[in-house]
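>>> Fold the following for me, if possible:
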Amino acid sequence: MNKKLTFTATILVGLMLGAGTTVLADNIWQGHQNIVETKNNIDKLTAKINASQSSLSDLQHQLSDAQAQYATLKQQYGNDVASKDAQIQQKIAEGQRAVAQKQAEVDAKQQTINDLTSKLEAAKQTNNDLSQAIEDAQSIKDYSDQAVKSVSAK
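Numbers count the residues shown, from 1 in each chain. I've put the predicted structure just below:
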């Protein structure tokens, strides 16, 4: 019985050791799988970070280019506005000169009209004076004709 008990105990110890070894091996194998998966996850995260950094760098370059284009366009706009302003000021000055020239012409024509109006008034006055002289002469002629008739009738 002792042999049987020893044999049974040996088998039991062997089975336990085998089961313990299997559990230990399974745990070790599971830990290895976890390490491999963690390494794969780290590699994926590293690739994403690198891609994001590359994308960020590209976007920063694009932003820098866009800012340079903006500055150039802003400068061109400022130059265009200044040029248009100068053109407008030049046109205003030309318009003012043209208005002043036309005003001088109008003033000269008005002076001519005033001179002619004065001459017309003087001519009317002379005409009125002549008309009055003619009336006076006609009146004297009529008076003399009447005087001659009245002397001849007597």
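
>>> show me what contacts G78?
For G78, the contact set (Cβ atoms under 8 Å, 6 or more residues apart in numbering) is empty. C-betas here are computed from N, CA, C, even on glycine.

>>> Tell me how far the host helix or strand of K91 lies from the chain's centre.
According to DSSP states H and E, K91 maps onto helix 2-152. With Cα atoms, centre = their mean, to the nearest Å as the basis, helix 2-152 stands 1 Å off its chain's centre.

>>> pLDDT (mean, whole number) over that helix?
Mean pLDDT, computed over helix 2-152, is 87.

>>> so what's A68 up against?
Contacts for A68 (Cβ under 8 Å, 6+ apart) come out as none.

>>> distance of the residue nearest the centre of the chain from Y70?
Centroid check for the chain by Cα atoms, centre = their mean gives Y77 as the closest residue, at 8.3 Å. According to Cβ to Cβ, to the nearest Å, Y77 stands 10 Å off from Y70.

>>> same question, G78
Taking Cβ to Cβ, one finds G78 at 12 Å from Y70.

>>> How about Q110?
To Y70, Q110 is 58 Å away according to Cβ to Cβ.

>>> V106 too?
52 Å.

>>> what does A108 give?
A108 is 56 Å from Y70, by Cβ to Cβ.

>>> K4 too?
Distance from K4 to Y70, by Cβ to Cβ: 96 Å.

>>> D115 now?
D115 is 66 Å from Y70, by Cβ to Cβ.

>>> likewise Q101?
46 Å.

>>> Look at S52 and say how many residues are nearby.
Residue neighbour count, defined by other Cβ atoms under 10 Å, stands at 10 for S52.

>>> same check, this time on S118
Residues contacting S118 under the criterion other Cβ under 10 Å number 10.

>>> do the same with K141
Applying other Cβ under 10 Å, we find 10 residues neighbouring K141.

>>> got it, and A122?
10.

>>> what about it, distance to D129?
Taking Cβ to Cβ, one finds A122 at 10 Å from D129.
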